[in-house]
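Participant: for reference, the sequence and a predicted model appear below.
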Amino acid sequence: MDVLINLVLFGMMVTTALAILRMRRLFAVVMLSGVFSLLSALLFVTLDAVDVAFTEAAVGAGISTVLLLGTMALTSRKEKMPRKFSPIPLLVVVVTGAVLIYGTLDMPSFGSADSPAQTHVAAQYLERTPKDTGVPNVVTAILASYRGYDTFGETVVVFTAAVGVLILIGGFARRRDEEEEGTD
């Protein structure tokens, strides 16, 4: 059942990405980008990566969408058509994708019980965490102690994005108040 849900979500993400490529109206592109981020967050939830899903939903779907809408207020509403087709960006994407896929060919199957993460790392974390950190909850200890810099970095990203949105909203509110005062 989980595989079916993952396939459906992935199919919806591919469909959304293809729709974004075909759109010429920037508002539709921004909205579909938000949808893509929410679908990505759902996929992370099904893969039991709730912390990554939360960050993707907050930054990818929420804050990025608001910032892109704010940028749209300062630019045109439609994409300018390119003068000619350039195959170089497509070539770069295809080569990068091929290298990434090649790099994953020797990885163990997803969730495999004999993967290095299950046989070496997990056992050491479960054994050493209470002694090393003094925290009985292994997940909390890993996020706060072993992965402290990573967790701090994620927190800084979310905080910075939230401050950016607040500044953007404050600027729009000030401009709207000034426009209302000018019309009276």
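Facilitator: Nice, I can see it.
Participant: how is this protein carved up into domains?
Facilitator: 1-80, 118-184 (automatic domain parsing).
Participant: out of those domains, the one nearest Ser109 is which?
Facilitator: Among the domains of the chain, the nearest to Ser109 by CB to CB is domain 118-184 (11.2 Å). C-beta: built from backbone N, CA, C; applies to glycine.
Participant: what's the closest non-adjacent residue to Met23?
Facilitator: Excluding the flanking residues, the one nearest Met23 by CB to CB, 6 or more residues apart in numbering is Val29, at 4.8 Å.
Participant: quick one: contacts for the one you found?
Facilitator: Ile20, Met23, Glu79 (CB atoms under 8 Å, 6 or more residues apart in numbering).
Participant: one more time with 10 Å
Facilitator: Ala19, Ile20, Leu21, Arg22, Met23, Leu68, Met72, Glu79 (CB atoms under 10 Å, 6 or more residues apart in numbering).
Participant: quick one: the last one and Met23 touch, right?
Facilitator: Yes. Under the criterion of CB atoms under 10 Å, Glu79 is in contact with Met23, at a separation of 8.0 Å.
Participant: go through the domains of the chain and find the least confident stretch.
Facilitator: Mean pLDDT values for these show the minimum at domain 118-184, a mean of 75.
Participant: okay, the residue positioned nearest the centre of the chain and Val158: tell me how far apart.
Facilitator: In the chain, the centroid-proximal residue (CA atoms, centre = their mean) is Glu56; its distance is 3.7 Å. Going from Glu56 to Val158 by CB to CB, to the nearest Å gives 11 Å.
Participant: cool, Thr65 as well?
Facilitator: Distance from Thr65 to Val158, by CB to CB: 15 Å.
Participant: and Leu4, by the same measure?
Facilitator: Leu4 is 32 Å from Val158, by CB to CB.
Participant: neighbour count winner among the two?
Facilitator: Val158 (16 against 8; other CB atoms under 10 Å).
Participant: much appreciated, bye for now.
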